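Engineer: Got a sequence here, can you model it:
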Amino acid sequence: MHMGSEKIIEMRKEYLLPCLNYFYKDPPQFVKGDMQYLYDEKGKKYLDFFAGVSVMNCGHSNEFILEKIIEQLKQLQHVTNIYLTQPVVELAEKMAHILPGDLSHSFFCNSGSEANEGAMLLARNATNKQNFIALDGSLHGRTYLTMSVTSIPMWRADPFLPNVVSKGIEGSASSFIGDVENYTEESFRNAVIQLEEVLKKDADNIAAFIVEPIQGNAGIITPPDWYFKEISKILKKYDVLMIVDEVQTGFARTGKMFAIEHYGVVPDIITYSKAFGNGIPVAGFSTNKTIAKKFTKPSASTLGGNPVSCAAALAVIEYIEKNDLCKKSEALGMYLFDKLNLLKNKYSKIKSVRGKGLMLGIYIADDENKPLPGYVDKILETLKDNGIILGKNGIARNVLAFQPPLIINEKDIDFLIENLDRAFEKI
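Structural biologist: The predicted model follows:
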């Protein structure tokens with residue numbers, strides 16, 4: 001018996017912390033998922049075009065993955081990582097084969113925040129330096145250290161976080177460089193210049209530069225092809241590590257297994273989560289042999305690397321490879337990108353189409369380029385009423401986010417575009 005949306009909202013108010021929000025004025029209660037579809041308590045079917053924020057890359061309740069998880073659950077669920085189990089080393093070996101370049105040593109944990117926290121701790125241990133540099137528009141987690149390298153105001157929830165400035169500062173906080181509101185080639189050039197200026201002043205105190213290859217929550221901010229090669233040269237010049245945060249971009253989302261592969265550089269440390277377990281909490285960070293040797297102080301994660309989460313991650317990778325989801329994401333992403341640009345030519349409020357693969361966004365603003373978050377909310381509500389779940393992001397929450405399960409097809413995209421066209425026409 002399903003309690004329904006009104007009762008769930010009532011109980012959320014009664015028993016959950018008020019920091020937890022939800023989409024829609026009239027939200028459905030989801031009770032079932034089946035690959036690219038969701039169903040509410042009334043039996044209504046929805047095309048999911050957000051995938052739980054880039055988590056369900058292989059689809060909801062994917063039978064292939066579920067069978068592997070259930071098989072492991074029946075054998076061994078948990079003993080913690082101070083004991084020997086097989087799935088964790090099999091997963092580490094598999095990661096060494098699919099990660100970019102020489103990244104070969106991994107640590108598994110439970111969430112993207114924990115992975116980024118661990119990566120930053122690793123960087124401090126490896127360099128014996130304390131500070132970090134992050135980009136304007138960054139979001140790297142909910143823990144204290146990861147919030148300190150998060151620039152989006154709404155996600156800096158700790159009132160005691162240091163105020164960050166653009167010149168390098170003390171403690172765990174970062175320098176934020178770039179200008180996410182000014183999304184131009186020039187702004188990326190300026191970010192590179194700013195990076196070197198910060199490093200000239202303070203490289204001796206900076207452990208690492210942490211960056212998302214494509215900034216999801218900032219509004220699908222997608223750097224030009226040359227960007228990371230220039231960044232990498234500068235970091236190497238000043239002996240500062242590069243941490244690439246693939247929590248939202250990893251596992252075939254952008255048409256590559258990892259988005260940084262589009263840019264032809266290999267980071268010193270890489271982090272990942274979300275789609276790694278296709279709904280099962282699992283995350284990790286990986287590095288090369290040289291840096292790995294410097295992290296010898298005892299560390300652990302009670303649930304990290306447990307047999308079930310490792311079995312899930314192994315099944316996810318196997319499914320992606322068997323079904324060539326990287327190529328599928330690339331091809332369908334191009335198809336969707338072209339369709340969205342046709343809408344851009346039709347509706348003046350669509351200012352740009354951004355992203356790679358099936359991680360795309362459209363920036364919504366008025367004739368003076370002022371963000372229109374209320375307009376975006378109306379679009380989302382209309383699509384939901386017509387059986388489509390879409391996301392939003394951006395500093396002003398005015399970017400429509402297209403991040404569906406990678407197992408969708410062209411008919412799904414056509415259905416989305418048809419309804420999106422009607423929504424823009426109506427609103």
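
Engineer: helix, strand or coil for residue 126?
Structural biologist: Classification of residue 126 by DSSP: H, G, I helix; E, B strand; the rest coil places it in helix.

Engineer: Excluding residues flanking it in the chain, which one is nearest it?
Structural biologist: Nearest residue to residue 126 in three dimensions, chain neighbours excluded: residue 294, at 4.3 Å (Cβ to Cβ, 6 or more residues apart in numbering). C-beta coordinates here come from the backbone N, C-alpha and C atoms, glycine included.

Engineer: That neighbour: what secondary structure?
Structural biologist: State at residue 294, reduced to three classes by three-state DSSP: coil.

Engineer: how close does it get to residue 334?
Structural biologist: Using Cβ to Cβ, to the nearest Å, one gets 42 Å for the distance from residue 294 to residue 334.

Engineer: before we move on, back to that, so the residue nearest to residue 126 is in contact with residue 123, correct?
Structural biologist: No. Judged on Cβ atoms under 8 Å, residue 294 makes no contact with residue 123 at a distance of 9.8 Å.

Engineer: gap between the residue nearest to residue 126 and residue 110?
Structural biologist: 24 Å.

Engineer: Check which residues of stretch 58-65 are buried.
Structural biologist: 58, 59, 60, 62, 65 (16 or more other Cβ atoms under 10 Å).

Engineer: Tell me how many other residues surround the residue nearest to residue 126.
Structural biologist: 14 (other Cβ atoms under 10 Å).

Engineer: Remind me which helix or strand residue 313 belongs to.
Structural biologist: helix 307-322 (DSSP states H and E).

Engineer: Show me what the longest helix along the chain is in contact with.
Structural biologist: Counting by DSSP state H, the longest helix found in the chain is helix 325-346. With contacts defined as Cβ atoms under 8 Å, 6 or more residues apart in numbering, helix 325-346 is touched by 57-58, 252-257, 319-320, 350-353, 355-360, 362, 402, 406-410, 413-414, 416-417, 420-421, 424.

Engineer: From these, list the buried ones, please.
Structural biologist: 57-58, 252-257, 319-320, 350-353, 355-360, 362, 402, 406-408, 413, 416-417, 420, 424.

Engineer: now, which of those lie within helices?
Structural biologist: Using DSSP H, those in helices are 319, 320, 413, 416, 417, 420, 424.

Engineer: burial of the nearest residue to the last one once chain neighbours are set aside, as a residue count?
Structural biologist: The spatially closest residue to residue 424, leaving aside those adjacent along the chain, is residue 347, at 4.8 Å (Cβ to Cβ, 6+ apart). Number of residues near residue 347 (other Cβ under 10 Å) recorded here: 16.

Engineer: And residue 298, by the same measure?
Structural biologist: Count around residue 298 with other Cβ under 10 Å applied: 4.

Engineer: quick revisit: return the member of the buried residues of stretch 58-65 nearest to residue 79.
Structural biologist: Nearest to residue 79 among the buried residues of stretch 58-65: residue 65, at 22.4 Å, using Cβ to Cβ.

Engineer: you'd agree that closest one is in a helix?
Structural biologist: Yes. Counting by three-state DSSP, residue 65 falls inside a helix.

Engineer: what's the closest non-adjacent residue to it?
Structural biologist: residue 315 (4.3 Å).

Engineer: got any ranges where the stretch 151-300 of the chain has weak pLDDT?
Structural biologist: Residue ranges of the stretch 151-300 of the chain with pLDDT under 70: 162-182.

Engineer: in the protein, which spans are helices?
Structural biologist: Under DSSP H, the chain gives helices at 5-15, 51-54, 63-75, 86-98, 112-127, 144-147, 185-202, 227-237, 289-292, 307-322, 325-346, 373-385, 410-426.

Engineer: Residue 159: which of those helices is closest?
Structural biologist: Residue 159 lies closest to helix 144-147 among these, at 10.9 Å (Cβ to Cβ).

Engineer: what comes into contact with the closest one?
Structural biologist: 113, 116-117, 120-121, 140-141, 155-158, 161, 172.

Engineer: filter those residues to the buried ones?
Structural biologist: For these, a neighbour count by 16+ other Cβ under 10 Å gives the buried set as 113, 116, 117, 120, 121, 140, 141, 172.

Engineer: Name all residues that make contact with the spatially closest residue to the first one that is not a sequence neighbour.
Structural biologist: This means residue 113. Spatial nearest neighbour of residue 113, excluding adjacent residues (Cβ to Cβ, 6+ apart): residue 141 at 3.2 Å. Contacts for residue 141 (Cβ under 8 Å, 6+ apart) come out as 111, 112, 113, 114, 116, 117, 147, 150.

Engineer: Looking at those, spot the one nearest residue 387.
Structural biologist: residue 112 (29.5 Å).

Engineer: give me the number of residues near that closest one?
Structural biologist: By the criterion of other Cβ under 10 Å, residue 112 has 27 neighbours.

Engineer: ok now do it, which residues does it touch?
Structural biologist: 141, 245, 247, 248, 271, 272, 273, 274, 283.

Engineer: Equivalent analysis for residue 311, please.
Structural biologist: 68, 69, 71, 72, 87.

Engineer: mind redoing it with 10 Å?
Structural biologist: 65, 68-73, 75-76, 86-88, 90-91, 277, 280, 282 (Cβ atoms under 10 Å, 6 or more residues apart in numbering).

Engineer: Going through those, which ones are buried?
Structural biologist: 65, 68, 69, 72, 87, 88, 91, 277, 280, 282.

Engineer: The fourth one against residue 91, yeah?
Structural biologist: No. Taking Cβ atoms under 10 Å as the contact criterion, residue 72 and residue 91 are not neighbours in contact, 11.6 Å apart.

Engineer: In the stretch 151-300 of the chain, what residue spans correspond to strands?
Structural biologist: Under the criterion DSSP state E, counting those that start in this stretch, the stretch 151-300 of the chain carries strands at the ranges 174-177, 206-211, 241-245, 269-272, 283-287.

Engineer: In CSV, list those strands along with mean neighbour count.
Structural biologist: Formatted as CSV, the strands of the stretch 151-300 of the chain follow (neighbours: other Cβ atoms under 10 Å):
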stretch, mean neighbour count
strand 174-177, 24
strand 206-211, 26
strand 241-245, 26
strand 269-272, 28
strand 283-287, 27
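
Engineer: do you know which of these lies nearest residue 95?
Structural biologist: Of those, nearest to residue 95 by Cβ to Cβ is strand 283-287, at 5.9 Å.

Engineer: what's the spacing between that closest one and its chain's center?
Structural biologist: Relative to its chain's centre, strand 283-287 lies at 14 Å (Cα atoms, centre = their mean, to the nearest Å).

Engineer: what's it packed up against?
Structural biologist: Counting contacts by 3 or more Cβ pairs under 10 Å, 6 or more residues apart in numbering; DSSP states H and E, strand 283-287 packs against helix 86-98, strand 105-109, helix 112-127, strand 241-245, strand 269-272, helix 307-322.
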